[in-house]
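> Could you look at this predicted model? Sequence included:
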Amino acid sequence: MSQERIALFIDGANLYATAKSLGFDIDYKRMLKEFQGKGRLVRAFYYTALIEDQEYSSIRPLIDWLDYNGFSVVTKPTKEFVDSMGRRKVKGSMDIELAVDAMEMANHIDHMVLFSGDGDFRSLVAAVQRKGVRVSVVSTITTQPPMVADDLRRQADEFIDLLHMAAKVGRDPVERAPREHRPAGSDEMLDT
């Protein structure tokens, strides 16, 4: 086994949307095993915004499970606002938190695995690479339109299509939970 020091950075809403578009659910236990087998997994971060005022958040059981099973979960409350058309919207970007953590971890890892297709991360990937860290981006180009920004894909040292990882990190459909766990506001999340 490689002694490469690896850290995972998971943009929860983005990964959820990508897996959903490919028709499968992520099995986070299998994901940890997959990357523990590739080197020394230093940290696995999972970022998501939470709707605070809800009595019960559908993502709460997932967040709790991740917290107890080896993930560093980073959350913050979403902001609610009304757009110019009078529609209620939820905003909850975790980009800054992910970027700060990645820059802080860069001196302690050899390989960063970013689970996001968000083009806003291109400059982060470039900055981490300048520190000598290899960066893999996990998303998909098999959907129409692709879930990964072209400039992010070009910047990465390696692009991994999530579709090709489905057999290794996908949840067995038989194990599918009756309630789907998805990040708060992921269907209406704005990246502003």
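Cool, the structure landed.

> At which residues are the helices of this structure located?
Along the chain, counting by DSSP state H, helices occupy 12-22, 28-36, 60-68, 95-105, 122-130, 150-155, 162-169.

> Residue ranges in this structure under the pLDDT threshold?
1, 53-57, 173-192 (pLDDT under 70).

> out of the helices of the chain, which comes closest to Thr142?
Ranking the helices of the chain by proximity to Thr142 (Cβ to Cβ) places helix 162-169 first, at 5.0 Å. For the C-beta atoms, the positions are set from N, CA and C on the backbone; glycine is no exception.

> Now do the closest one: which elements does it pack against?
Contact partners of helix 162-169 among helices and strands, from 3 or more Cβ pairs under 8 Å, 6 or more residues apart in numbering; DSSP states H and E: helix 12-22, helix 28-36, strand 134-139.

> sorry, back to before: compile the helices of the chain into JSON lines and extend it with columns for distance to Val74 and mean neighbour count.
Shown next, in JSON lines, are the helices of the chain (distance: least, Cβ to Cβ, whole Å; neighbours: other Cβ atoms under 10 Å):
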{"stretch": "helix 12-22", "distance to Val74": "9", "mean neighbour count": "22"}
{"stretch": "helix 28-36", "distance to Val74": "15", "mean neighbour count": "16"}
{"stretch": "helix 60-68", "distance to Val74": "10", "mean neighbour count": "15"}
{"stretch": "helix 95-105", "distance to Val74": "5", "mean neighbour count": "16"}
{"stretch": "helix 122-130", "distance to Val74": "15", "mean neighbour count": "17"}
{"stretch": "helix 150-155", "distance to Val74": "20", "mean neighbour count": "16"}
{"stretch": "helix 162-169", "distance to Val74": "20", "mean neighbour count": "17"}
